[in-house]
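Engineer: Next input, structure requested:
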Amino acid sequence: MYRQLLRQFDFKPKKRLGQHFLVDEAVLERILSAAELSPGDIVIEIGPGLGILTEALAKQGARVIGVELDVKLVALLKKRLAGFPDVKIVHADVLKAAPWQLLQDNLPACDLVRGYKVIANLPYYITSPVLSHFLEAQPRPSKMVVMVQKEVGEAIAAAPGKMRLLSVKTQFYSRPAIVSYVPAASFYPPPKVDSVVLRLDVYSQPPLVKSGVSDVAGFFDIVMHGFSAPRKQLRNSLAHSLEMPPGQVVSLLEKAGIEPKRRAETLRLEEWRELWKVFAPFLCRPEPFTSGHPERSEGSCDAQGKLREGEECSPAQGKLREGSRDSSVARLPQNDIRGE
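Structural biologist: From the prediction side, this is the model:
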């Protein structure tokens, strides 16, 4: 079917947009199964491409908002899917379109209280930004089923011992599971690497927030410092990254109940929470701008880098590393793995 559509609409996949169209119907069925759709479910599909998955979603009774960046594909999709009234095709960059705006612009007001799901065959180069965009959104999706590069999917779903910064940040907001491994031959044109179908069951409220993490930005500051030198022991990576005396770092790690010789990849999320509790007073961040983010809390320092109690921050405490946030939005890292 895909070859016929490409010829019919005189369309050639664009490498710069990471366009690899899924052509394996067995994989398509696995995606649909993982999505656990019921009639009337609302789905935001990112990059509908030729609309093969979009059509399958509509046939299962889903109400689909397809967000497509390629203007030529938008025209193709609108023509091809004209017979499905519950499919809306939106020409937009999904990273610049707030989820609530997509829902508000394409659904009746009475449906805005319903949850939604995200389904996507993601271009590899926007995997992390898209996950960040939706996991930090309000409202969040209840579920995400996404096709991602195999190595990235394995990192996201990793257990302690193989954790990365991406693992911690995704698992903070969701429970990930690999549904299926997908060979490169399942796509046209085939990418250079294999993929996985990844399901994220998204928490309505992250468990660590429920259990006491009141400053999400501060929590992820600690996590980023811990992973600043992932091959080093925590006592060394934290001492270097935070510019703190090694003895003080060891003392704080022991207070958190964490063996100083461990590496960041071995920590469970609950251990990162304990680490945040003991290191937070030593992590001085400027007051972030007001954003209304429901999980934010104000930084421990004012804009001049002083503690609220009036105590001066040391240069080490006041320093923000390159790439550190000055808001409570905990951005997932950009992929450093390329499949193109």
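
Engineer: Next, count neighbours for the closest residue to residue 97 other than its chain neighbours.
Structural biologist: Spatial nearest neighbour of residue 97, excluding adjacent residues (Cβ to Cβ, 6 or more residues apart in numbering): residue 67 at 6.3 Å. Yep, even glycine has a C-beta here, placed from its N, CA and C like the rest. By other Cβ atoms under 10 Å, the residues close to residue 67 number 24.

Engineer: Okay, and residue 67 sits in which element?
Structural biologist: strand 63-68 (DSSP states H and E).

Engineer: Where does the residue nearest the centre of the chain sit, in terms of helix or strand?
Structural biologist: Closest to where the C-alpha atoms of the chain average out (Cα atoms, centre = their mean) is residue 131, at 2.2 Å. Assigned by DSSP H and E, residue 131 belongs to helix 127-135.

Engineer: hey, C-alpha coordinates of that helix in PDB?
Structural biologist: The C-alpha trace of helix 127-135 is given here as PDB (Å, rounded to 0.1, in the frame of the first residue of the first chain):
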ATOM      1  CA  THR A 127      12.700  11.400  20.800                       C
ATOM      2  CA  SER A 128      13.800  13.000  24.000                       C
ATOM      3  CA  PRO A 129      12.300  16.500  23.300                       C
ATOM      4  CA  VAL A 130       8.900  14.900  22.500                       C
ATOM      5  CA  LEU A 131       8.900  12.700  25.600                       C
ATOM      6  CA  SER A 132       9.800  15.800  27.700                       C
ATOM      7  CA  HIS A 133       7.100  17.900  25.900                       C
ATOM      8  CA  PHE A 134       4.300  15.500  26.900                       C
ATOM      9  CA  LEU A 135       5.500  14.100  30.200                       C
END
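
Engineer: And that helix, what does it pack against?
Structural biologist: The contact analysis (3 or more Cβ pairs under 8 Å, 6 or more residues apart in numbering; DSSP states H and E) places helix 127-135 against strand 143-149, helix 150-156, helix 165-173, strand 195-202.

Engineer: residues contacting residue 197?
Structural biologist: 27, 30, 31, 34, 145, 146, 147, 178, 179, 180, 182 (Cβ atoms under 8 Å, 6 or more residues apart in numbering).

Engineer: Tell me how far residue 93 lies from residue 120.
Structural biologist: Look at residue 93 and residue 120: by Cβ to Cβ, to the nearest Å, they are 14 Å apart.

Engineer: The two - which one has more neighbours?
Structural biologist: The neighbour comparison of residue 93 against residue 120 (other Cβ under 10 Å) goes to residue 120, with 26 against 10.

Engineer: which SS class is that one?
Structural biologist: Classification of residue 120 using DSSP: H, G, I helix; E, B strand; the rest coil returns strand.

Engineer: ditto for residue 83
Structural biologist: The three-state assignment at residue 83 reads coil, by three-state DSSP.

Engineer: partners of the residue nearest to residue 111 when sequence neighbours are not counted in the sheet?
Structural biologist: Using Cβ to Cβ, 6+ apart and skipping the chain neighbours, the partner closest in space to residue 111 is residue 42 (6.9 Å). Beta-bridge partners of residue 42, counted by DSSP bridges, are residue 63.

Engineer: Report whether the expected contact of residue 42 with residue 113 is present.
Structural biologist: No. Using Cβ atoms under 8 Å, residue 42 is not in contact with residue 113, being 10.8 Å away.

Engineer: So for the two, which residue has more residues nearby?
Structural biologist: Set residue 42 next to residue 113 and count neighbours by other Cβ under 10 Å: residue 42 wins out with 20 against 7.

Engineer: How confident is the prediction for the more buried one, by pLDDT?
Structural biologist: pLDDT recorded at residue 42 is 97.

Engineer: Please, where are all the strands along the protein?
Structural biologist: 21-22, 42-46, 63-68, 87-91, 117-121, 143-149, 174-182, 187-188, 195-202 (DSSP state E).

Engineer: as a whole number, average confidence for the fifth one?
Structural biologist: When you say that, I think you mean strand 117-121. 94.

Engineer: list the helices and strands it packs on?
Structural biologist: By 3+ Cβ pairs under 8 Å, 6+ apart, strand 117-121 packs against helix 25-35, strand 42-46, helix 52-59, strand 143-149.

Engineer: and among these, the most buried is which?
Structural biologist: strand 143-149 (a mean of 25; mean count of other Cβ atoms under 10 Å).

Engineer: Just checking the distance from that one to the centre of its chain.
Structural biologist: 10 Å (Cα atoms, centre = their mean, to the nearest Å).

Engineer: In its sheet, which strands sit next to that strand, and in what direction?
Structural biologist: strand 117-121 (parallel), strand 195-202 (antiparallel).

Engineer: what residue ranges in the stretch 1-150 of the chain score low on pLDDT?
Structural biologist: Scanning the stretch 1-150 of the chain for pLDDT under 70 picks out 1-19, 21.

Engineer: again, 90 this time
Structural biologist: 1-25, 47, 49-50, 52, 70, 72, 108-114, 121-126 (pLDDT under 90).

Engineer: still on that earlier bit, nearest to residue 22, of the helices and strands packed on helix 127-135?
Structural biologist: Smallest distance to residue 22 across these (Cβ to Cβ): 7.1 Å, for strand 143-149.

Engineer: C-alpha coordinates for that closest one, CSV please?
Structural biologist: Taking C-alpha atoms only, strand 143-149 is exported to CSV below (Å, rounded to 0.1, in the frame of the first residue of the first chain):
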residue,chain,number,x,y,z
LYS,A,143,-0.4,6.5,28.0
MET,A,144,2.3,6.9,25.3
VAL,A,145,3.0,4.2,22.7
VAL,A,146,6.0,5.3,20.7
MET,A,147,8.5,3.8,18.3
VAL,A,148,12.0,4.8,19.2
GLN,A,149,15.6,3.7,18.5
